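[1] The following comprises the amino acid sequence and a computationally predicted model.
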Amino acid sequence: MENFKVGVLTVSDRSSRGQREDLGGPLTVEEIEKAGFKVIKTKIVPDEKEQIKEALIEMSESEEIALILTTGGTGFSKRDITPEATIEVCDRLAPGIPEAMRAYSAKFTNRAALSRAQAGLRKSSLIINLPGSPKAIKENLEAIIPFLAHGIEMLRGKEADCANE
């Protein structure tokens, strides 16, 4: 696997104001780096659609960043708008990724069905929304890490076939 570069975006009003420690972002960095990816950018923004979109656009404008993982803002709260911001910046959606995350998490909790996470493609970056809960972040990453590199290789133009050989 190529050592793909990653950006991690934490979406949290309280963490962006320094009122609460960001646990989701650092855990996401730790878990994705354990899987062989290299995080080169992290950022924290409040639950404001324009700021989320700006951060996603900025990260995806860098040819270096192949994968952007967001954490937080995927629930039912009125301030949870990470999925909407993600949809607005993506050129194409990748619905199978959040479907796989919800299906895997459902093995551990029936609350997995409450996730509104999205995934999509913008330029040559794959954007995936993760929940804010550390437990849910781990579960969601466990679900998708096995196929992430293959998807990114396809997005970046490497000849790749989805059928298992």
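    Perfect, I can see it now. Residues are numbered from 1 along each chain as shown.

[2] Tell me where the protein has helices.
    With helices called from DSSP state H, the chain shows them at 13-16, 24-34, 49-61, 82-89, 96-105, 134-155.

[3] Just the buried residues of the last one, please?
    Neighbour-count burial for helix 134-155 flags 136-141, 143-144, 148-149, 151-153, 155 (criterion: 16 or more other CB atoms under 10 Å). Every C-beta, even on glycine, is put in place using the N, C-alpha and C of the backbone.

[4] contacting residues around stretch 77-84?
    11, 13, 47, 49, 52, 70, 72-74, 116-118, 129 (CB atoms under 8 Å, 6 or more residues apart in numbering).

[5] Return it as PDB; C-alpha atoms alone will do.
    C-alpha atoms of stretch 77-84 as PDB (Å, rounded to 0.1, in the frame of the first residue of the first chain):
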ATOM      1  CA  SER A  77     -28.500  17.900  17.100                       C
ATOM      2  CA  LYS A  78     -29.500  21.100  15.300                       C
ATOM      3  CA  ARG A  79     -25.800  22.000  15.200                       C
ATOM      4  CA  ASP A  80     -24.700  18.700  13.600                       C
ATOM      5  CA  ILE A  81     -24.200  19.700  10.000                       C
ATOM      6  CA  THR A  82     -21.000  18.000   8.900                       C
ATOM      7  CA  PRO A  83     -22.800  15.600   6.500                       C
ATOM      8  CA  GLU A  84     -24.500  18.600   4.800                       C
END
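
[6] quick check: mean pLDDT across that stretch?
    Over the span of stretch 77-84, the pLDDT mean works out to 97.

[7] Distance of Arg20 relative to Ile44?
    For Arg20, the distance to Ile44 equals 10 Å [CB to CB, to the nearest Å].

[8] the more surrounded of the two?
    Ile44 (19 against 11; other CB atoms under 10 Å).

[9] Surely that one touches Asp22?
    Yes - counting by CB atoms under 8 Å, Ile44 does reach Asp22; the two are 5.8 Å apart.
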